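Asker: sequence and predicted structure are below.
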Amino acid sequence: MLHTHYFDRSSIIISLPFNIHKSPGSIHLCDALDALTLPDSRHLGLDPTIHMCHAGCNGTHVNLADGVIGWVKDNKSNVYLIMAVLWKSHGFFCRGTVCYCVRNKEGKEYALKDCWVEESKKMHEPTVKDIPNVVNLIDNGDVYYEGQPDCTARIREKYGQDQRDDTAFCNRFHRHFLLSPCGEPFSQFSSRTELIMAFRHFVIAHQAMIELMSPTWGPQS
């Protein structure tokens with residue numbers, strides 16, 4: 001018995017099973033194989049706004065600088081070169097957050113957060129600026145696909161999945177957040193002193209956030 005499974009950040013879609021031996025001429029099996037091997041990669045759920053280099057494209061991007069492992073485009077057609085993957089979550093569902101170190105055409109580095117956010121929490125990211133040791137939000141917005149915001153409801157419409165009456169379905173929007181500056185991972189610290197200084201900076205940032213959000217509290221110990 002053959003099932004097809006489609007995973008997105010909201011849940012999974014599973015097709016009805018069929019017997020690959022009893023189907024007339026195994027036409028359904030051939031259709032399934034064709035659907036996986038012949039279509040444009042975008043129809044398999046791959047993000048067309050981002051490219052990660054792999055063994056198959058080595059030597060084909062001669063115009064890329066040393067150390068570049070891919071690139072990503074925003075809705076304004078700006079191209080950011082991906083220098084490193086800083087962190088990524090695991091699993092098929094929920095936010096699916098990936099954080100990249102990216103560089104613009106002028107050579108300035110940023111942190112780019114790519115994630116799938118619940119529709120009700122699209123605007124929950126903080127927009128405060130100029131807090132000591134806290135990154136600034138430079139830009140944010142939905143990732144657009146074929147002229148409209150990319151979301152799991154849009155994906156499922158193509159497969160005849162109407163989720164409006166499904167209370168268990170949680171629509172998630174594909175979002176990008178551009179942050180500055182881009183810090184160094186803990187794994188790259190060269191001494192205990194640097195690690196301790198990082199925690200000290202956390203405390204300073206936390207103190208500044210408390211004073212900003214609750215001015216009437218006064219200084220906190």
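Answerer: Right, received. Where do you want to start?

Asker: mean confidence for stretch 120-140?
Answerer: In this model, stretch 120-140 has an average pLDDT of 80.

Asker: check which residues of that stretch are buried.
Answerer: Residues of stretch 120-140 classed as buried by neighbour count (16 or more other Cβ atoms under 10 Å): K122, I131, N133, V134, V135, L137. C-betas here are computed from N, CA, C, even on glycine.

Asker: which of those lies closest to T37?
Answerer: K122 (35.7 Å; Cβ to Cβ).

Asker: and the closest one, what is it in contact with?
Answerer: By Cβ atoms under 8 Å, 6 or more residues apart in numbering, the contact set of K122 is D142, F173, R175.

Asker: same check on F93?
Answerer: Neighbours of F93 in contact, by Cβ under 8 Å, 6+ apart: F7, R9, S10, S11.

Asker: buried ones among the residues you listed?
Answerer: Buried subset of the contacts of F93 (neighbour count, 16+ other Cβ under 10 Å): R9, S10, S11.

Asker: which parts of this structure are strands?
Answerer: Secondary structure of the chain (DSSP state E): strands at 5-7, 12-14, 50-52, 70-73, 79-88, 98-103, 109-118, 136-142, 144-145, 148-149, 172-180.

Asker: for T60, find the nearest of those.
Answerer: Ranked by Cβ to Cβ, the member of the strands of the chain that lies closest to T60 is strand 50-52, at 11.0 Å.

Asker: quick one: V72 and V85 touch, right?
Answerer: No - applying Cβ atoms under 8 Å, one finds V72 not in contact with V85, separated by 11.7 Å.

Asker: overlap in contacts, the two.
Answerer: Joint contacts of V72 and V85 (Cβ under 8 Å, 6+ apart) are Y100.

Asker: tell me which of these two has more neighbours.
Answerer: V72 (20 against 13; other Cβ atoms under 10 Å).

Asker: per-residue confidence for W217?
Answerer: Checking the pLDDT column for W217, the value is 48.

Asker: correction: the previous question concerned A208.
Answerer: The predicted local confidence for A208 is 84.

Asker: excluding its backbone neighbours, what's nearest it?
Answerer: Once flanking residues are discounted, A208 sits nearest to I131: 4.8 Å by Cβ to Cβ, 6 or more residues apart in numbering.
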